[in-house]
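> how does the following fold in three dimensions:
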Amino acid sequence: MPNLVVIAKITAVEGKSAAAKAALLELVEPTRKEAGCIQYVFHQDLNNPHLFYAYEIWESMEHLGAHGKSAHILAMRAKTKDSIISSELSFLNKI
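Residues are numbered from 1 along each chain as shown. Now for the predicted structure:
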């Protein structure tokens, strides 16, 4: 099975992008240690500092599912309930 690419668009509450950014960056180290994680990188939009994008590559949908249930993801969701408005995920295969 080919690797799964995920692009996540994350929107922070206006005025709370610094808190959202800090919480997102805390995910990088533990996520990169997860089974099945090939790449996990965040980017911040240059024109809109309230928009963040994650570029992820996973070995499989199962690995991504485990990531979504990990302690650090659950902690981040609780921590950012007042600083992140939404997140949209796109699931891609390389062609």
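> any idea which helix is longest in the chain?
Secondary structure of the chain per DSSP state H: the longest helix is helix 17-32.
> what's that one packed up against?
Contacts defined by 3 or more C-beta pairs under 8 Å, 6 or more residues apart in numbering; DSSP states H and E place helix 17-32 against strand 4-12, strand 37-44, strand 51-58, helix 71-79. For the C-beta atoms, the positions are set from N, CA and C on the backbone; glycine is no exception.
> any weak-confidence spans in the protein?
By pLDDT under 70, the weakly predicted segments of the chain are 1-2.
> quick one: the longest helix of the chain to strand 51-58, angle?
Taking axes from the mean of the first three to the mean of the last three C-alpha atoms, to 10 degrees, one finds helix 17-32 and strand 51-58 inclined to each other by 0 degrees.
> CA atoms only: put helix 17-32 into PDB for me.
Only the C-alpha atoms of helix 17-32 are listed here, as PDB (Å, rounded to 0.1, in the frame of the first residue of the first chain):
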ATOM      1  CA  SER A  17      -2.300  32.200  17.000                       C
ATOM      2  CA  ALA A  18       0.700  32.300  19.300                       C
ATOM      3  CA  ALA A  19      -1.000  29.900  21.700                       C
ATOM      4  CA  ALA A  20      -2.100  27.600  18.900                       C
ATOM      5  CA  LYS A  21       1.300  27.600  17.300                       C
ATOM      6  CA  ALA A  22       3.000  26.700  20.600                       C
ATOM      7  CA  ALA A  23       0.500  23.800  21.200                       C
ATOM      8  CA  LEU A  24       1.000  22.500  17.600                       C
ATOM      9  CA  LEU A  25       4.800  22.600  17.900                       C
ATOM     10  CA  GLU A  26       4.600  20.500  21.100                       C
ATOM     11  CA  LEU A  27       3.200  17.700  18.900                       C
ATOM     12  CA  VAL A  28       6.200  17.400  16.600                       C
ATOM     13  CA  GLU A  29       8.700  15.500  18.700                       C
ATOM     14  CA  PRO A  30       6.300  12.800  20.100                       C
ATOM     15  CA  THR A  31       4.500  12.400  16.800                       C
ATOM     16  CA  ARG A  32       7.800  11.800  14.900                       C
END
